[in-house]
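**Student:** Need a 3D model of the sequence below.
(one chain, ligands or ions: 2)
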Amino acid sequence: MNSNKPATTQAAHSARILDGNAASAAVIERVHDSIERHVAAGGRRPGLAVVLVGADPASQIYVRAKRRDCERAGIEARDFDLDASTSQETLLDLIQQLNDDPAIDGILVQLPLPAQIDEVAVTNSIDADKDVDGFHAFNVGRLALRQPGLRPCTPRGVMALLSFHGLEIRSKHAIVVGASNIVGRPMSLELLLAGATTTVTHRFTHDLEDHVRQADVVVCAVGKPGVVRPEWIQPGAIVVDVGINRMADGRITGDIDFEAASQRAAWISPVPGGVGPMTRAMLMLNTAEAAGLQVELPYHPHSTG
Ligand SMILES: Nc1nc2c(c(=O)[nH]1)N[C@@H](CN(C=O)c1ccc(C(=O)N[C@@H](CCC(=O)O)C(=O)O)cc1)CN2
Ligand SMILES: [Mg+2]
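**Tutor:** Ligands and ions are numbered 1, 2, ... in the order given. As a prediction, the model looks like this:
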């Protein structure tokens, strides 16, 4: 993880770095402290079921990293590695057992799932109180109605990354590029909740350039290098790159040309070392919260609007 460019290669650029490695380490440390205090007082260690179906190489990397994060956070990870040919019925049966297991506080089913399995049916079968990915329709609905419960990890991680660096986004004009269920849509709800004027663009949007040019905050989550051109970025904007694109040489890169965008933006998140580690840190935070623990955060969360 993070074996290529470190997050600190900023000397020649004007933009400051939104450092996901530092911010995520600080969150995991607080989660760890809270759990160890709870266990020392006789409480049960939080348990996370980590379910991986098949052998998608990227998913294997993420799941391995999440299991390592559990060790750092003091969370008991229980591993379920299922064959790629697993039926939907078998997976739903496992989820039912985990829903009923009092030692399990959180259930994570790594996405994407193999084609024979309906992702929506699976995410909605998880007990909403154990839905540490925040993908269940009930939890997304709560976010939409300003009653946040368990919140999707990547959008919550973006908000935490901004807060960690002291960035206030209330009243700013934010654009979300990409409207996926796991990032773009809940991202727009998080930004609304924090009081940003929020535009969501997607594959049917005309004039993406005009929208980006007006934005104080650009969150790009498409998974296509170059989809937002650096010259569209307003000088002084905050740029959050959620894209993860694997290049032929094995390196990963974001959706936006980091070097060029750094010449215009005031703040920018790198790939790797930006949003990715925050996604994993929020999974640890959500698991502690699902276990009923209160975690003192190393930043002031955005007030809700
Ligand atoms: N059940 C879920 N599935 C998926 C989610 C999710 O939140 N829950 N999100 C994405 C993938 N994802 C989490 O699982 C994820 C992506 C990237 C990273 C990360 O740490 N990235 C590193 C680089 C990693 C590398 O070297 O490849 C970084 O950006 O620095 C963590 C989690 C889809 N599925
Ligand atoms: Mg996520």
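**Student:** sec struct for L143, please.
**Tutor:** helix (DSSP: H, G, I helix; E, B strand; the rest coil).
**Student:** Could you measure from it over to Q294?
**Tutor:** L143 sits at a distance of 20 Å from Q294 (criterion: Cβ to Cβ, to the nearest Å). C-beta: built from backbone N, CA, C; applies to glycine.
**Student:** more crowded one of these two?
**Tutor:** Legend: neighbour count by other Cβ atoms under 10 Å for L143 and Q294, higher for L143 (23 against 9).
**Student:** secondary structure class for the closest residue to the more buried one other than its chain neighbours?
**Tutor:** Excluding the flanking residues, the one nearest L143 by Cβ to Cβ, 6 or more residues apart in numbering is L189, at 4.7 Å. The three-state assignment at L189 reads helix, by three-state DSSP.
**Student:** Pretty sure L189 sits against V158.
**Tutor:** No. Using Cβ atoms under 8 Å, L189 is not in contact with V158; the gap is 11.8 Å.
**Student:** Out of the two, name the residue with the larger neighbour count.
**Tutor:** Each of L189 and V158 has its neighbours counted (other Cβ under 10 Å); V158 has more, 29 against 23.
**Student:** Quick check: phi and psi on the more buried one?
**Tutor:** phi -60, psi -50 (degrees, to the nearest 10).
**Student:** That one and ligand 1: what is the separation?
**Tutor:** V158 sits 12 Å away from ligand 1, going by Cβ to the nearest ligand atom, to the nearest Å.
**Student:** That residue reaches V240, doesn't it?
**Tutor:** Yes. Look at V158 against V240 with Cβ under 8 Å: they come within range, at 5.4 Å.
**Student:** what residues are shared contacts of those two?
**Tutor:** Common contacts of V158 and V240, defined by Cβ atoms under 8 Å, 6 or more residues apart in numbering, comprise V219, V275.
**Student:** Show me where the stretch 51-200 of the chain has its helices.
**Tutor:** 57-73, 88-100, 119-123, 137-144, 153-164, 184-193 (DSSP state H, counting those that start in this stretch).
**Student:** which parts of the fourth one are buried?
**Tutor:** The neighbour-count criterion (16 or more other Cβ atoms under 10 Å) identifies N139, V140, R142, L143 as the buried residues of helix 137-144.
**Student:** which residue sits closest to V109, ignoring its sequence neighbours?
**Tutor:** Nearest non-adjacent residue to V109, counting by Cβ to Cβ, 6+ apart: V51, 4.5 Å away.
**Student:** Same check on V275?
**Tutor:** Distance criterion Cβ to Cβ, 6+ apart; nearest residue to V275, sequence neighbours excluded, is V242 at 4.9 Å.
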